[in-house]
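Undergrad: sequence unknown, structure follows:
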């Protein structure tokens, strides 16, 4: 019998990785009313409306969008396909279709305005491809979306009580060195600790005089640097 891929004792139906392949976790385990109420608490802790949003991993409306099929000229045919916000793995079915293995987890995502990427969007919308007549193919839409979302923190419980992925966690280390997969820990509901984490991260940024503006135009490099700075303050909050 094949060994089960697991890094922690199973405490929820959302923890059995073999079930992730079968899917069926598209619907969030909370009602929309509960999600909205928790979102209000996040907004209050951050001090801004919907800068950090609570998202269920099965909701692809927050995922990045790509084309998956092209004419020989490199122009896309068909509609854009939304990718999952979290991805444990993917299996190729044919030349353009994949089965995505999505861990059923809550995610806090950082919201950015699409206008921030307008300057470099067209360049990043193409990918080299020698099989195309033009030597490249369009992988993204002609214009950036109104909003785009960056995973900020996966809500889970790891071995030793840690609440974030790290090779310092025994469960994460075992899974990574055994399968080269990211560990998503045990499922847990969003709780007070997540509200405190959001508030402490923002407080540390304010104290250091760092302002993360998600509504002003910036190029991709500047946004990447800002996100790295945010991660530093998130680490500080985790340590606190």
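TA: Yep, that arrived. Quick caveat: nothing in here was measured; it's all calculated off a predicted structure.

Undergrad: going by C-alpha atoms from here, please, whenever you check contacts or count neighbours.
TA: OK.

Undergrad: tell me how many other residues surround residue 101.
TA: Applying other Cα atoms under 10 Å, we find 20 residues neighbouring residue 101.

Undergrad: against which helices or strands is the strand or helix carrying residue 20 packed?
TA: For residue 20, the host element (DSSP states H and E) is helix 17-22. Packed against helix 17-22 by the contact rule (3 or more Cα pairs under 8 Å, 6 or more residues apart in numbering; DSSP states H and E) you find strand 98-101.

Undergrad: given the strand it packs on, what are its sheet partners and their directions?
TA: Each strand pairing with strand 98-101, determined using DSSP bridges, is listed with its direction: strand 89-92 (antiparallel).

Undergrad: what are the contacting residues of the partner strand?
TA: Contacts of strand 89-92 with the rest of the structure, by Cα atoms under 8 Å, 6 or more residues apart in numbering, involve 98-102, 181.

Undergrad: so what does whichever helix or strand comes after the helix holding residue 20 touch, helix or strand wise?
TA: Sequence-wise, the next helix or strand beyond helix 17-22 is helix 32-46, with elements assigned using DSSP H and E. Contacts defined by 3+ Cα pairs under 8 Å, 6+ apart place helix 32-46 against strand 52-56, helix 192-207.

Undergrad: show me what the most centrally placed residue in the chain is bridged to.
TA: The residue lying closest to the centre of the chain (Cα atoms, centre = their mean) is residue 151, at 3.3 Å. With DSSP bridges applied, residue 151 shows beta-bridge pairing to residue 109.

Undergrad: and it, what does it touch?
TA: Contact criterion Cα under 8 Å, 6+ apart gives 85, 107-110 as the residues in contact with residue 151.

Undergrad: can you put these in CSV and add distance to residue 12?
TA: Written out in CSV, the entries for the contacts of residue 151 read as follows (distance: Cα to Cα, whole Å):
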residue, distance to residue 12
85, 21
107, 17
108, 20
109, 23
110, 27
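
Undergrad: same list (the residues you listed) but as CSV, adding distance to residue 74, pLDDT and neighbour count.
TA: Output for the contacts of residue 151, formatted as CSV (distance: Cα to Cα, whole Å; pLDDT from 0 to 100; neighbours: other Cα atoms under 10 Å):
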residue, distance to residue 74, pLDDT, neighbour count
85, 26, 90, 22
107, 34, 96, 22
108, 35, 96, 24
109, 32, 92, 21
110, 32, 89, 18
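
Undergrad: list the buried residues of whichever strand or helix holds residue 154.
TA: Following DSSP H and E, the helix or strand that holds residue 154 is strand 147-155. Within strand 147-155, the residues scored as buried using 16 or more other Cα atoms under 10 Å are 148-155.
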